[in-house]
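[1] let's see this in three dimensions:
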Amino acid sequence: MTASKTKRLLYFMSELEKGNDISKMDYLARFGISERTLKEDVSELKENLTELRPNMKVKYSRKYGSYHAQYEQGYGNLKYNQAVILSKILLESRALRKDEVAEIINIFVERAVDDKERRRIKRLTELELDSYQELKIYQDQDKSLLPAISAIFDAIVDQRPLSFSYRKPGEKVEEYKVFPISVIFDNHYFYCISYKLDDNFTCDYQFSEIRYFRVDRFQTIHKSENDLAFTLSPEQEARLITDEQVRYQAFSMLSGNEWARITFEYKGLYRDVLESDIPKLKLLEESTSDGVDQVRYEIETFSLLGFQKYIQRFDGDFVFLKIEALDNK
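    Just a heads-up that it's a prediction; the model follows:
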């Protein structure tokens with residue numbers, strides 16, 4: 001393979017991975033080659049991709065006279081609208097430091113969209129980053145949540161204990177050993193939902209042992225004295241609260257220690273918001289009168305009081321029809 005051919009194929013591959021279309025005429029003119037040589041380049045590239053990148057294909061558009069990459073579902077570059085949405089979520093959540101948000105956006109934009117779209121997203125994000133308001137936790141200290149969140153995720157996936165120093169409100173620092181089950185995001189903050197363990201790294205997995213930790217208050221995550229994966233009995237498995245049960249409830253509904261099933265009616269204009277905030281609502285009946293929804297729901301929740309506090313944000317009428325205490329599930 002000549003140096004010239006190496007250069008051509010590297011250029012071709014680089015443009016494809018950026019998400020750019022490669023004009024046939026521009027390619028011929030750029031390298032001063034014949035159509036036959038171009039076909040040989042494309043043939044060799046396709047052959048190499050079959051072995052090295054089987055999820056990526058090179059396709060030619062007769063309509064536009066250009067080559068482009070086509071990926072199997074789940075592979076390849078982000079589309080422009082996908083990159084815009086991810087950028088907006090990062091910017092609006094205010095979940096991270098300004099420099100971390102900028103770095104993450106730059107990384108996936110550089111690797112995801114073509115040159116023209118990349119410039120558009122950069123202009124948008126630069127304007128918004130200029131007025132980006134960091135949370136006070138970042139203004140007061142050079143703190144990153146990324147290492148703590150990664151450590152929590154690793155412990156959840158591996159089903160291992162987590163030991164850490166935690167700053168409570170009022171600056172008091174305490175040591176904890178926990179079995180983490182979920183990380184959720186609510187109103188600008190990340191929370192670690194866990195079972196509190198004793199000094200022997202055990203617990204009964206009852207509601208009274210569930211704790212909620214704001215991740216920005218983690219001081220130090222220690223190398224655990226017990227790095228073995230948990231082995232739970234069938235009875236403990238049955239009591240264990242799952243990530244799904246935690247994730248699809250409003251955060252205020254995680255504040256209790258009793259599992260309850262609530263049947264209630266809602267009459268008002270904000271049904272869509274209610275159902276979006278709590279995807280686990282079970283619809284029982286519905287009707288509409290004069291443009292106002294009247295809906296009957298059922299929900300299983302950790303906290304009756306927390307649910308009552310949550311619904312105070314809505315205009316409309318709530319009527320509790322039935323409340324049942326449940327066993328852990």
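[2] strands along the stretch 151-300 of the chain, start to end?
    Assigned by DSSP state E, counting those that start in this stretch, the stretch 151-300 of the chain shows strands spanning 162-167, 173-186, 189-196, 210-214, 218-222, 260-268, 282-289, 292-301.
[3] and the fourth one, what does it pack onto?
    Meaning strand 210-214. Judged by 3 or more Cβ pairs under 8 Å, 6 or more residues apart in numbering; DSSP states H and E, the packing partners of strand 210-214 are strand 173-186, strand 189-196. To be clear about C-beta, it is placed using only N, CA and C from the backbone, and glycine gets the same treatment.
[4] go again with 10 Å.
    strand 162-167, strand 173-186, strand 189-196 (3 or more Cβ pairs under 10 Å, 6 or more residues apart in numbering; DSSP states H and E).
[5] export the first one to PDB, keeping only CA atoms.
    As requested, the backbone C-alpha atoms of strand 162-167 are provided in PDB (Å, rounded to 0.1, in the frame of the first residue of the first chain):
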ATOM      1  CA  LEU A 162     -20.100   0.900  50.100                       C
ATOM      2  CA  SER A 163     -18.200   2.700  52.900                       C
ATOM      3  CA  PHE A 164     -18.000   6.500  53.000                       C
ATOM      4  CA  SER A 165     -17.700   9.600  55.100                       C
ATOM      5  CA  TYR A 166     -20.900  11.800  54.800                       C
ATOM      6  CA  ARG A 167     -21.400  15.400  55.800                       C
END
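[6] quick revisit: out of the strands of the stretch 151-300 of the chain, which gets nearest to K322?
    Smallest distance to K322 across those (Cβ to Cβ): 4.1 Å, for strand 260-268.
[7] F264: neighbouring residues, count only.
    Neighbour count for F264, taken as other Cβ atoms under 10 Å: 19.
[8] what sits against it?
    Each residue near F264 by Cβ atoms under 10 Å, 6 or more residues apart in numbering is listed here: 281, 284, 295-299, 307, 311, 318-323.
[9] re earlier: I'd like to know which of the helices and strands packed on strand 210-214 is closest to S144.
    Nearest to S144, of all the helices and strands packed on strand 210-214, is strand 189-196, at 12.0 Å by Cβ to Cβ.
[10] what's the angle between that closest one and strand 218-222?
    With axes from the mean of the first three to the mean of the last three Cα atoms, to 10 degrees defining the directions, strand 189-196 sits at 50 degrees from strand 218-222.
[11] I'd like the next helix or strand past the lengthiest helix in the chain.
    Ranked by residue count and defined by DSSP state H, the top helix of the chain is helix 35-52. Going down the chain from helix 35-52, the next helix or strand is strand 56-61, by DSSP states H and E.
[12] give me the sheet partners of the helix or strand that that next one is followed by and which way each runs.
    Note on strand 56-61: by DSSP H and E, the next helix or strand toward the C-terminus is strand 66-71. Its sheet considered, strand 66-71 pairs with strand 22-23 (antiparallel), strand 56-61 (antiparallel) by DSSP bridges.
[13] which positions in the next helix or strand after strand 66-71 come out as buried?
    Sequence-wise, the next helix or strand downstream of strand 66-71 (DSSP H and E) is helix 80-93. By neighbour count with 16 or more other Cβ atoms under 10 Å, helix 80-93 contains the buried residues Y80, A83, V84, L86, S87, L90, L91.
[14] and stretch 160-170, by the same measure?
    Buried residues in stretch 160-170 (16+ other Cβ under 10 Å): R160, P161, L162, S163, F164, Y166.
[15] dump the residues you listed to TSV, plus pLDDT and distance to Y27.
    What follows is the buried residues of stretch 160-170, written out as TSV (pLDDT from 0 to 100; distance: Cβ to Cβ, whole Å):
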residue	pLDDT	distance to Y27
R160	86	52
P161	88	57
L162	90	54
S163	90	58
F164	92	55
Y166	92	58
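[16] low-confidence ranges in the stretch 151-300 of the chain?
    Scanning the stretch 151-300 of the chain for pLDDT under 70 picks out 207-208, 223-230, 239, 245-257.
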